[in-house]
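**Q** pasting the structure only:
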């Protein structure tokens, strides 16, 4: 099942579905996703920040204002999170990570949102 919004991605993840579902189109960003960090621990907090970063980057890519919910403090990490556990890749991730991700202390590859 392909979610129609980031809010639906969060609802599915909270219900135990894989977070790595295909992300929705940019037009579906307005509904605020449930906070996954409330009951999901560190992984849930990373997913909350990732959803906000995704919304910001999709809004930027499509030329419209991002939704207000992405600016909440609950959508930011206090400690850096790297998409790879390999220390040798950290410098690359620091350089490549899109602005919306860096702003939330998430460090991913530049193509983290590309669809293959």
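**A** Arrived safely, thanks for sending. These figures come from a predicted structure and were not determined experimentally.

**Q** residue with max distance from the center of this protein?
**A** With CA atoms, centre = their mean as the measure, the chain has its most outlying C-alpha, relative to the mean C-alpha position, at residue 88: 23.1 Å.

**Q** can you give me the distance of it to residue 82?
**A** 11 Å (CB to CB, to the nearest Å). Just so you know, the C-beta spots here come from the backbone N, C-alpha and C atoms, and that holds for glycine as well.

**Q** which residues of this structure score low on pLDDT?
**A** Of all residues in the chain, those with pLDDT under 70 make up the ranges 1-2, 20-27, 115-116.

**Q** repeat that with 80
**A** In the prediction, the chain carries residues with pLDDT under 80 at positions 1-4, 18-28, 40, 114-116.

**Q** just the helices in it please.
**A** Here the chain has its helices, by DSSP state H, at 6-14, 37-62, 90-96, 99-102.

**Q** how about the contacts made by the residue nearest to the spatial centre of the chain?
**A** For the chain, the residue sitting closest to the mean C-alpha position, by CA atoms, centre = their mean, is residue 50 at 1.7 Å. Listed by CB atoms under 8 Å, 6 or more residues apart in numbering, the contact partners of residue 50 are 101, 104, 106.
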